[in-house]
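Engineer: Got a predicted model here, sequence first, then my questions.
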Amino acid sequence: MSFHMSVTVSAGGLYVKDTGTPKGRGVFAARDFNEGELVEECPVIVMDMAFIFLPNEIKVMTFHWEIDSPHACALALGYGSLYNHDNPASLRYEKDLQNGIIRFMARRPICKDEELTINYNSQQGVSDSNEWFEGHKVAPILSQPPRG
């Protein structure tokens, strides 16, 4: 699937563009962000059994959502479901299950025009693990070479 789009900066200082890598599109900072700063707050659409029937292109954009169902997931609106994986990631996130919101915060200072990323291996985006990728015997596409 290919997308043609012009770059539009949101009021919150974010924009989407092609990363120039196999990752495809990514979310970028239109301004600097300080460590701990709220980058985006996204409402979510919570889905239960519908997850089973979603196309894979949509499944990979969802977050596990801790409700009383093993198949519950959430699609974050705004830019929330478009953040690419990296390890270490530039953002962490917290889920507000009661209000149906995911908040993305800067894990470190972020520079203007830097791609914003989350770690797909962590429920809160704070782990530096590659556990999911290792368990599935696939290599993640990283923005930076692995450390060590």
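Structural biologist: Arrived safely, thanks for sending.

Engineer: helix/strand/coil for N99?
Structural biologist: Following DSSP: H, G, I helix; E, B strand; the rest coil, N99 is assigned to coil.

Engineer: per-residue confidence at it?
Structural biologist: You'll see N99 listed with a pLDDT of 93.

Engineer: Could you report the neighbour count for it?
Structural biologist: Neighbourhood size, N99 [other CB atoms under 10 Å]: 9. For every residue, glycine as well, the C-beta is placed using N, CA and C.

Engineer: Backbone dihedrals for it, please?
Structural biologist: Backbone torsions of N99, given as degrees, to the nearest 10, read phi -100, psi 0.

Engineer: Could you pull up the residues touching it?
Structural biologist: Listed by CB atoms under 8 Å, 6 or more residues apart in numbering, N99 has no contact partners.

Engineer: Repeat that for the one 3 residues further on.
Structural biologist: Each residue near I102 by CB under 8 Å, 6+ apart is listed here: 41-42, 44, 63, 74, 76, 80, 93-96.

Engineer: just the helices in the protein please.
Structural biologist: Remark: helices assigned in the chain by DSSP state H are 56-59, 131-135.

Engineer: weakest of those helices by average pLDDT?
Structural biologist: Looking at the helices of the chain, the bottom one is helix 131-135 with a mean of 61.

Engineer: low pLDDT regions in this structure?
Structural biologist: Within the chain, the stretches with pLDDT under 70 are 1-11, 49-52, 68, 122-148.

Engineer: Grab the longest strand from it for me.
Structural biologist: Across the chain, the longest stretch assigned as strand under DSSP state E is strand 38-47.

Engineer: what does it rub up against?
Structural biologist: With contact meaning CB under 8 Å, 6+ apart, strand 38-47 is reached by 12, 14, 29, 33, 54, 62-63, 65, 67, 72-80, 91, 100-106, 110, 116.

Engineer: Not counting its neighbours along the chain, what's nearest the residue nearest in space to the middle of the chain?
Structural biologist: Nearest to the mean C-alpha position of the chain, by CA atoms, centre = their mean, lies Y83 at 3.2 Å. Distances taken as CB to CB, 6 or more residues apart in numbering place I118 nearest to Y83, at 4.7 Å, with adjacent residues excluded.
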